[in-house]
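K.L.:
take a look and give me a structure for this.
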Amino acid sequence: MANRFEQGCDVVTLTRALVQQGAMAGQEAPVADVVRAAMQALGFDKIVTDDLGNVTGLVGPRDAPVKLLFDGHMDVVPASGLWSRDPFSGDVQGGQIHGRGTTDMKGPLAAAICGVAEAARTGDLSHRVAVSASVMEEVIEGAALSPVLDTHAPEAVVICEPSDLELKIAQRGCVEVLVHVAGIPAHAAFPERGVNAIELAARATLALAALEMPTDPVLGKMVLVPTDIISAPYPSISALPSKVSLRYDRRTGVGETAETVMQQIRAALAPIDPVAFTVEVSASDYQSYTGISFRFPRDLPAWHTPETHPLVRAVQSCLTDLGLSPQPGRYEFCTNGSEAAGRRGLPTIGFGPGRPSDAHIIDESISVAALEQAVAVYRALALRIGAVDIARVG
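P.N.:
Numbers count the residues shown, from 1 in each chain. The predicted model follows:
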(Lines give C-alpha, C1' and ligand atoms only; values in the text may rest on other atoms or scores of the structure.)
Protein backbone atom coordinates (compact mmCIF):
# COMPACT_ATOMS: atom_id res chain seq x y z
CA MET A 1 0.00 0.00 0.00
CA ALA A 2 1.36 3.39 -0.93
CA ASN A 3 2.35 5.67 1.92
CA ARG A 4 -0.64 7.98 2.50
CA PHE A 5 1.70 10.76 3.65
CA GLU A 6 3.83 10.63 0.50
CA GLN A 7 2.91 14.10 -0.76
CA GLY A 8 3.70 15.94 2.47
CA CYS A 9 2.10 19.20 3.62
CA ASP A 10 2.54 22.75 2.33
CA VAL A 11 1.97 24.92 5.40
CA VAL A 12 1.76 28.13 3.34
CA THR A 13 -0.96 26.77 1.07
CA LEU A 14 -2.95 25.42 4.03
CA THR A 15 -2.62 28.66 6.02
CA ARG A 16 -3.85 30.68 3.03
CA ALA A 17 -6.82 28.36 2.52
CA LEU A 18 -7.82 28.69 6.18
CA VAL A 19 -7.41 32.49 6.19
CA GLN A 20 -9.55 32.87 3.07
CA GLN A 21 -12.53 31.31 4.88
CA GLY A 22 -12.65 34.00 7.58
CA ALA A 23 -15.21 32.83 10.17
CA MET A 24 -15.96 34.39 13.53
CA ALA A 25 -17.12 32.33 16.50
CA GLY A 26 -20.20 30.31 15.61
CA GLN A 27 -19.47 30.59 11.87
CA GLU A 28 -16.58 28.13 11.50
CA ALA A 29 -18.26 25.64 9.13
CA PRO A 30 -16.23 26.59 6.00
CA VAL A 31 -12.99 26.45 7.97
CA ALA A 32 -13.94 23.03 9.32
CA ASP A 33 -14.46 21.84 5.74
CA VAL A 34 -10.92 22.92 4.80
CA VAL A 35 -9.48 21.26 7.91
CA ARG A 36 -11.24 17.97 7.23
CA ALA A 37 -10.15 17.95 3.59
CA ALA A 38 -6.54 18.68 4.55
CA MET A 39 -6.47 16.00 7.22
CA GLN A 40 -7.95 13.46 4.85
CA ALA A 41 -5.46 14.32 2.11
CA LEU A 42 -2.57 14.05 4.59
CA GLY A 43 -3.63 10.63 5.80
CA PHE A 44 -5.04 11.24 9.26
CA ASP A 45 -6.65 7.82 9.80
CA LYS A 46 -9.53 9.09 11.94
CA ILE A 47 -11.27 12.46 11.66
CA VAL A 48 -14.02 13.29 14.14
CA THR A 49 -16.41 16.25 14.15
CA ASP A 50 -18.17 16.52 17.49
CA ASP A 51 -21.53 18.09 18.33
CA LEU A 52 -20.05 21.58 18.79
CA GLY A 53 -18.19 21.35 15.47
CA ASN A 54 -14.62 20.80 16.70
CA VAL A 55 -12.66 18.79 14.12
CA THR A 56 -10.08 16.35 15.51
CA GLY A 57 -7.72 14.28 13.40
CA LEU A 58 -5.67 11.36 14.73
CA VAL A 59 -2.59 9.44 13.59
CA GLY A 60 -0.49 6.63 15.01
CA PRO A 61 -1.32 3.08 16.13
CA ARG A 62 -5.09 2.78 16.49
CA ASP A 63 -4.93 0.69 19.65
CA ALA A 64 -2.59 3.13 21.46
CA PRO A 65 -3.75 5.90 23.82
CA VAL A 66 -3.65 9.52 22.70
CA LYS A 67 -0.36 10.66 24.09
CA LEU A 68 -0.49 14.26 22.90
CA LEU A 69 -3.12 16.69 21.58
CA PHE A 70 -2.19 19.81 19.59
CA ASP A 71 -4.98 22.40 19.72
CA GLY A 72 -5.63 25.41 17.50
CA HIS A 73 -8.89 27.30 17.14
CA MET A 74 -10.68 28.03 13.85
CA ASP A 75 -12.48 31.28 14.71
CA VAL A 76 -11.16 34.82 14.35
CA VAL A 77 -12.08 38.27 15.62
CA PRO A 78 -13.72 40.75 13.21
CA ALA A 79 -11.48 42.45 10.64
CA SER A 80 -12.38 45.97 11.77
CA GLY A 81 -10.58 49.16 10.82
CA LEU A 82 -8.98 50.24 7.54
CA TRP A 83 -6.79 47.47 6.10
CA SER A 84 -4.22 48.03 3.35
CA ARG A 85 -5.47 44.88 1.58
CA ASP A 86 -8.35 42.42 1.66
CA PRO A 87 -8.15 40.99 5.20
CA PHE A 88 -9.15 37.56 3.92
CA SER A 89 -6.88 37.45 0.87
CA GLY A 90 -4.13 35.33 2.37
CA ASP A 91 -1.67 37.24 0.16
CA VAL A 92 1.98 36.24 0.40
CA GLN A 93 4.43 39.13 0.18
CA GLY A 94 7.82 39.88 1.70
CA GLY A 95 8.06 36.51 3.40
CA GLN A 96 4.75 37.10 5.22
CA ILE A 97 1.25 35.71 4.80
CA HIS A 98 -1.26 38.53 5.25
CA GLY A 99 -4.79 38.46 6.58
CA ARG A 100 -7.06 38.21 9.59
CA GLY A 101 -6.23 35.10 11.58
CA THR A 102 -2.79 34.47 10.09
CA THR A 103 -1.25 34.77 13.55
CA ASP A 104 -4.33 34.10 15.68
CA MET A 105 -4.46 31.40 14.68
CA LYS A 106 -4.91 29.88 11.24
CA GLY A 107 -1.14 29.78 10.76
CA PRO A 108 -0.41 27.89 13.98
CA LEU A 109 -3.29 25.48 13.26
CA ALA A 110 -1.91 24.76 9.79
CA ALA A 111 1.56 24.22 11.26
CA ALA A 112 0.20 21.71 13.79
CA ILE A 113 -1.64 19.75 11.09
CA CYS A 114 1.47 19.69 8.91
CA GLY A 115 3.88 18.87 11.73
CA VAL A 116 1.84 15.94 13.02
CA ALA A 117 1.28 14.65 9.46
CA GLU A 118 5.03 14.75 8.86
CA ALA A 119 5.66 12.86 12.10
CA ALA A 120 3.20 10.18 11.03
CA ARG A 121 4.81 10.01 7.61
CA THR A 122 8.05 8.74 9.20
CA GLY A 123 6.26 5.59 10.34
CA ASP A 124 7.96 5.92 13.75
CA LEU A 125 4.98 6.87 15.92
CA SER A 126 4.51 4.38 18.76
CA HIS A 127 1.54 6.25 20.16
CA ARG A 128 -1.55 8.16 19.11
CA VAL A 129 -1.29 11.92 18.37
CA ALA A 130 -4.25 14.22 17.74
CA VAL A 131 -4.78 17.69 16.31
CA SER A 132 -7.96 19.55 17.25
CA ALA A 133 -9.33 22.47 15.25
CA SER A 134 -11.54 23.91 17.94
CA VAL A 135 -14.40 26.38 17.80
CA MET A 136 -15.35 29.63 19.54
CA GLU A 137 -12.10 30.19 21.45
CA GLU A 138 -12.25 33.93 20.85
CA VAL A 139 -15.41 34.19 22.97
CA ILE A 140 -15.35 31.19 25.35
CA GLU A 141 -11.75 30.14 25.91
CA GLY A 142 -11.65 26.49 26.94
CA ALA A 143 -15.33 25.58 27.07
CA ALA A 144 -15.62 24.32 23.49
CA LEU A 145 -12.50 22.17 23.91
CA SER A 146 -14.27 20.06 26.55
CA PRO A 147 -15.83 17.50 24.16
CA VAL A 148 -12.44 16.98 22.49
CA LEU A 149 -10.81 16.22 25.83
CA ASP A 150 -13.74 14.03 26.90
CA THR A 151 -13.70 12.00 23.68
CA HIS A 152 -9.99 11.54 23.09
CA ALA A 153 -8.58 11.72 26.66
CA PRO A 154 -5.10 12.98 25.75
CA GLU A 155 -2.32 12.54 28.29
CA ALA A 156 -0.92 16.00 27.52
CA VAL A 157 -1.84 19.09 25.50
CA VAL A 158 -0.01 21.64 23.36
CA ILE A 159 -1.78 24.97 22.98
CA CYS A 160 -0.63 26.30 19.61
CA GLU A 161 -1.49 29.95 20.27
CA PRO A 162 1.13 32.41 18.94
CA SER A 163 4.15 32.65 21.23
CA ASP A 164 6.83 33.92 18.84
CA LEU A 165 8.29 30.39 18.86
CA GLU A 166 8.84 30.61 22.62
CA LEU A 167 7.83 27.95 25.15
CA LYS A 168 4.95 28.96 27.44
CA ILE A 169 4.28 27.00 30.62
CA ALA A 170 1.77 29.22 32.40
CA GLN A 171 -1.13 31.61 31.93
CA ARG A 172 -3.13 33.93 34.15
CA GLY A 173 -6.81 33.12 34.52
CA CYS A 174 -9.80 35.42 34.31
CA VAL A 175 -13.08 35.71 36.18
CA GLU A 176 -15.55 38.23 34.79
CA VAL A 177 -17.63 39.53 37.69
CA LEU A 178 -20.89 41.47 37.64
CA VAL A 179 -21.65 43.77 40.58
CA HIS A 180 -25.31 44.76 40.67
CA VAL A 181 -26.17 47.81 42.77
CA ALA A 182 -29.77 48.22 43.94
CA GLY A 183 -31.03 51.73 44.65
CA ILE A 184 -34.39 53.19 45.64
CA PRO A 185 -35.96 55.29 42.86
CA ALA A 186 -37.08 58.82 43.63
CA HIS A 187 -37.73 62.05 41.77
CA ALA A 188 -34.43 63.76 40.95
CA ALA A 189 -35.78 66.95 42.55
CA PHE A 190 -36.00 65.10 45.87
CA PRO A 191 -33.00 62.72 45.97
CA GLU A 192 -33.20 62.44 49.75
CA ARG A 193 -36.39 60.37 49.32
CA GLY A 194 -34.49 57.55 47.59
CA VAL A 195 -31.10 55.86 47.41
CA ASN A 196 -29.00 56.75 44.38
CA ALA A 197 -27.58 53.56 42.85
CA ILE A 198 -25.04 55.63 40.92
CA GLU A 199 -23.60 57.11 44.09
CA LEU A 200 -23.39 53.65 45.65
CA ALA A 201 -21.67 52.39 42.50
CA ALA A 202 -19.15 55.24 42.70
CA ARG A 203 -18.28 54.28 46.28
CA ALA A 204 -18.03 50.66 45.21
CA THR A 205 -15.53 51.43 42.45
CA LEU A 206 -13.32 53.29 44.94
CA ALA A 207 -13.48 50.44 47.44
CA LEU A 208 -12.62 47.83 44.82
CA ALA A 209 -9.79 49.95 43.41
CA ALA A 210 -8.25 49.96 46.89
CA LEU A 211 -8.24 46.16 47.19
CA GLU A 212 -4.80 44.59 47.47
CA MET A 213 -4.35 42.05 44.71
CA PRO A 214 -2.47 38.81 45.32
CA THR A 215 0.83 38.02 43.62
CA ASP A 216 1.51 34.66 41.99
CA PRO A 217 5.20 33.63 42.05
CA VAL A 218 5.09 32.70 38.36
CA LEU A 219 2.27 34.82 36.92
CA GLY A 220 2.93 38.06 38.80
CA LYS A 221 0.47 40.45 40.39
CA MET A 222 -3.23 40.04 39.68
CA VAL A 223 -5.53 42.89 38.64
CA LEU A 224 -9.17 43.91 39.07
CA VAL A 225 -10.35 46.30 36.36
CA PRO A 226 -13.83 47.77 35.71
CA THR A 227 -14.77 47.34 32.04
CA ASP A 228 -18.44 48.28 31.82
CA ILE A 229 -21.14 50.24 33.65
CA ILE A 230 -24.83 50.66 32.88
CA SER A 231 -27.78 52.08 34.78
CA ALA A 232 -31.41 51.03 34.60
CA PRO A 233 -33.66 52.39 33.43
CA TYR A 234 -31.62 54.12 30.76
CA PRO A 235 -32.07 56.95 30.20
CA SER A 236 -33.38 57.85 33.63
CA ILE A 237 -35.10 61.22 33.15
CA SER A 238 -35.73 63.23 36.31
CA ALA A 239 -35.41 60.09 38.43
CA LEU A 240 -32.83 58.20 40.41
CA PRO A 241 -32.04 54.89 38.68
CA SER A 242 -33.22 51.74 40.38
CA LYS A 243 -30.12 49.74 39.43
CA VAL A 244 -26.54 50.03 38.26
CA SER A 245 -24.46 47.10 37.01
CA LEU A 246 -20.67 47.09 36.94
CA ARG A 247 -18.59 44.56 35.02
CA TYR A 248 -15.12 43.70 36.34
CA ASP A 249 -12.28 41.74 34.80
CA ARG A 250 -10.32 39.96 37.52
CA ARG A 251 -7.11 38.27 36.41
CA THR A 252 -6.39 35.28 38.63
CA GLY A 253 -3.46 33.18 39.75
CA VAL A 254 -3.12 29.43 40.15
CA GLY A 255 -5.43 28.16 42.89
CA GLU A 256 -7.77 31.16 42.88
CA THR A 257 -11.40 30.35 42.13
CA ALA A 258 -14.45 32.33 41.12
CA GLU A 259 -15.86 31.85 44.60
CA THR A 260 -12.78 33.23 46.38
CA VAL A 261 -12.76 36.20 44.02
CA MET A 262 -16.41 36.96 44.72
CA GLN A 263 -15.92 36.57 48.47
CA GLN A 264 -13.18 39.21 48.39
CA ILE A 265 -15.40 41.61 46.46
CA ARG A 266 -18.43 41.05 48.70
CA ALA A 267 -16.31 41.69 51.79
CA ALA A 268 -15.10 45.00 50.37
CA LEU A 269 -18.63 46.16 49.51
CA ALA A 270 -20.46 45.11 52.69
CA PRO A 271 -19.32 48.15 54.77
CA ILE A 272 -20.79 50.50 52.13
CA ASP A 273 -24.23 48.91 52.27
CA PRO A 274 -24.93 45.40 53.58
CA VAL A 275 -27.84 44.69 51.21
CA ALA A 276 -27.42 46.88 48.10
CA PHE A 277 -24.83 44.77 46.29
CA THR A 278 -25.21 41.46 44.47
CA VAL A 279 -22.08 39.78 43.04
CA GLU A 280 -22.07 37.04 40.40
CA VAL A 281 -19.95 35.58 37.62
CA SER A 282 -20.94 36.86 34.20
CA ALA A 283 -22.47 34.30 31.84
CA SER A 284 -23.70 34.53 28.26
CA ASP A 285 -25.57 32.37 25.76
CA TYR A 286 -23.78 31.03 22.69
CA GLN A 287 -24.60 28.91 19.66
CA SER A 288 -22.13 26.79 17.71
CA TYR A 289 -22.19 26.57 13.94
CA THR A 290 -23.74 23.13 14.35
CA GLY A 291 -26.78 24.69 16.06
CA ILE A 292 -25.96 23.69 19.65
CA SER A 293 -26.94 26.36 22.19
CA PHE A 294 -25.33 26.61 25.60
CA ARG A 295 -24.58 29.04 28.41
CA PHE A 296 -21.02 29.70 29.54
CA PRO A 297 -19.77 31.52 32.66
CA ARG A 298 -16.67 33.67 32.22
CA ASP A 299 -14.56 31.67 34.66
CA LEU A 300 -11.20 30.75 33.10
CA PRO A 301 -8.73 29.19 35.57
CA ALA A 302 -5.04 30.01 35.59
CA TRP A 303 -2.51 27.25 35.01
CA HIS A 304 1.16 26.46 35.40
CA THR A 305 3.07 23.36 34.33
CA PRO A 306 6.33 23.19 36.34
CA GLU A 307 9.57 23.59 34.44
CA THR A 308 10.68 20.23 35.80
CA HIS A 309 7.71 18.39 34.28
CA PRO A 310 8.65 15.71 31.69
CA LEU A 311 6.48 17.41 29.03
CA VAL A 312 8.32 20.70 29.47
CA ARG A 313 11.69 18.93 29.36
CA ALA A 314 10.71 17.13 26.16
CA VAL A 315 9.72 20.39 24.48
CA GLN A 316 12.92 22.07 25.62
CA SER A 317 14.97 19.25 24.12
CA CYS A 318 13.19 19.66 20.79
CA LEU A 319 13.73 23.42 20.80
CA THR A 320 17.41 23.05 21.64
CA ASP A 321 17.91 20.47 18.88
CA LEU A 322 16.30 22.85 16.38
CA GLY A 323 18.31 25.90 17.47
CA LEU A 324 15.49 27.67 19.31
CA SER A 325 15.48 29.02 22.85
CA PRO A 326 14.28 26.56 25.50
CA GLN A 327 13.66 29.34 28.04
CA PRO A 328 10.10 29.05 29.40
CA GLY A 329 7.71 31.96 29.75
CA ARG A 330 4.00 32.61 30.18
CA TYR A 331 1.03 33.70 28.11
CA GLU A 332 -0.36 37.11 29.02
CA PHE A 333 -3.82 36.27 27.65
CA CYS A 334 -6.32 33.46 28.17
CA THR A 335 -6.24 30.32 26.03
CA ASN A 336 -7.88 26.90 25.80
CA GLY A 337 -5.28 25.88 28.37
CA SER A 338 -7.73 27.15 30.99
CA GLU A 339 -9.79 24.03 30.34
CA ALA A 340 -7.00 21.51 29.68
CA ALA A 341 -4.65 22.54 32.49
CA GLY A 342 -6.56 24.99 34.67
CA ARG A 343 -9.71 22.95 35.12
CA ARG A 344 -8.57 19.39 34.36
CA GLY A 345 -4.94 19.39 35.49
CA LEU A 346 -3.62 17.99 32.21
CA PRO A 347 0.06 18.63 31.54
CA THR A 348 -0.03 21.54 29.11
CA ILE A 349 2.40 23.83 27.34
CA GLY A 350 1.99 26.58 24.80
CA PHE A 351 4.06 27.03 21.66
CA GLY A 352 3.21 28.62 18.35
CA PRO A 353 4.47 30.70 15.45
CA GLY A 354 3.54 34.35 15.21
CA ARG A 355 4.05 37.27 17.55
CA PRO A 356 1.29 37.72 20.14
CA SER A 357 1.44 41.48 19.51
CA ASP A 358 0.27 40.84 15.92
CA ALA A 359 -2.96 39.16 17.01
CA HIS A 360 -6.21 41.10 16.43
CA ILE A 361 -4.46 44.07 14.77
CA ILE A 362 -5.09 45.77 11.43
CA ASP A 363 -2.92 44.23 8.68
CA GLU A 364 -2.23 41.09 10.71
CA SER A 365 0.40 38.80 9.18
CA ILE A 366 2.71 35.91 10.00
CA SER A 367 6.21 34.97 8.90
CA VAL A 368 6.52 32.02 6.52
CA ALA A 369 9.85 31.16 8.13
CA ALA A 370 8.20 31.02 11.58
CA LEU A 371 5.50 28.70 10.25
CA GLU A 372 8.12 26.34 8.85
CA GLN A 373 10.03 26.35 12.13
CA ALA A 374 6.84 25.55 14.02
CA VAL A 375 6.14 22.60 11.70
CA ALA A 376 9.60 21.24 12.55
CA VAL A 377 9.02 21.64 16.31
CA TYR A 378 5.58 20.01 16.23
CA ARG A 379 6.97 17.13 14.17
CA ALA A 380 9.87 16.61 16.58
CA LEU A 381 7.65 16.76 19.65
CA ALA A 382 5.07 14.35 18.21
CA LEU A 383 7.87 11.84 17.68
CA ARG A 384 9.71 12.46 20.95
CA ILE A 385 6.69 12.35 23.27
CA GLY A 386 6.35 8.58 22.93
CA ALA A 387 9.38 8.06 25.16
CA VAL A 388 8.13 10.50 27.82
CA ASP A 389 6.37 9.32 30.97
CA ILE A 390 3.59 11.88 31.34
CA ALA A 391 2.43 12.64 34.88
CA ARG A 392 -0.55 14.83 35.74
CA VAL A 393 0.10 18.27 37.18
CA GLY A 394 -0.79 18.80 40.83
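K.L.:
from now on I want contacts and neighbour counts done on CA atoms only, so please keep to that.
P.N.:
Fine.
K.L.:
show me where the stretch 1-150 of the chain has its strands.
P.N.:
46-49, 55-59, 66-73, 92-93, 96-98, 128-134 (DSSP state E, counting those that start in this stretch).
K.L.:
contacts for the longest one?
P.N.:
Just to be clear, that refers to strand 66-73. With contact meaning CA atoms under 8 Å, 6 or more residues apart in numbering, strand 66-73 is reached by 105-106, 108-109, 112, 127-137, 152-161, 382, 385-386.
K.L.:
cutoff 7 Å now
P.N.:
Here strand 66-73 makes contact (CA atoms under 7 Å, 6 or more residues apart in numbering) with 105, 108-109, 112, 127-135, 137, 152-161.
K.L.:
that strand pairs with which strands?
P.N.:
strand 128-134 (parallel), strand 156-159 (parallel) (DSSP bridges).
K.L.:
which of those strands sits most buried?
P.N.:
Among the strands paired with strand 66-73, ranked by average contacts under mean count of other CA atoms under 10 Å, first place goes to strand 128-134 (a mean of 27).
K.L.:
what does that strand contact?
P.N.:
54-62, 64-74, 112-113, 144-145, 382.
K.L.:
related to what we said a few turns ago, using a markdown table, please lay out the strands paired with strand 66-73 together with mean pLDDT.
P.N.:
Output for those, formatted as a markdown table (pLDDT from 0 to 100):
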| stretch | mean pLDDT |
| --- | --- |
| strand 128-134 | 98 |
| strand 156-159 | 98 |
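K.L.:
to Pro30, which of those strands lies closest?
P.N.:
strand 128-134 (12.3 Å; CA to CA).
K.L.:
biggest helix in the chain by residues?
P.N.:
Looking across the chain with DSSP state H, the single longest helix is helix 368-384.
K.L.:
quick one: the strands paired with strand 66-73 as JSON lines, columns for distance to Lys243 too.
P.N.:
What follows is these, written out as JSON lines (distance: least, CA to CA, whole Å):
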{"stretch": "strand 128-134", "distance to Lys243": "38"}
{"stretch": "strand 156-159", "distance to Lys243": "41"}
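K.L.:
which one of those strands lies nearest to Ala32?
P.N.:
Nearest of the strands paired with strand 66-73 to Ala32, taken as CA to CA: strand 128-134 at 7.5 Å.
K.L.:
compute the inter-axis angle for the closest one and helix 368-384.
P.N.:
Interaxial angle, strand 128-134 versus helix 368-384 (axes from the mean of the first three to the mean of the last three CA atoms, to 10 degrees): 140 degrees.
K.L.:
contacts for whichever helix or strand Gln264 is part of, please.
P.N.:
Secondary structure assignment for Gln264, by DSSP states H and E: helix 258-269. The contact list for helix 258-269 (CA under 7 Å, 6+ apart) reads 175, 204, 207-208, 279, 299.
K.L.:
quick one: the one residue sitting closest to the centre of the chain from Pro162, how far?
P.N.:
Centroid check for the chain by CA atoms, centre = their mean gives Thr335 as the closest residue, at 2.3 Å. Using CA to CA, to the nearest Å, we find Thr335 at a distance of 10 Å from Pro162.
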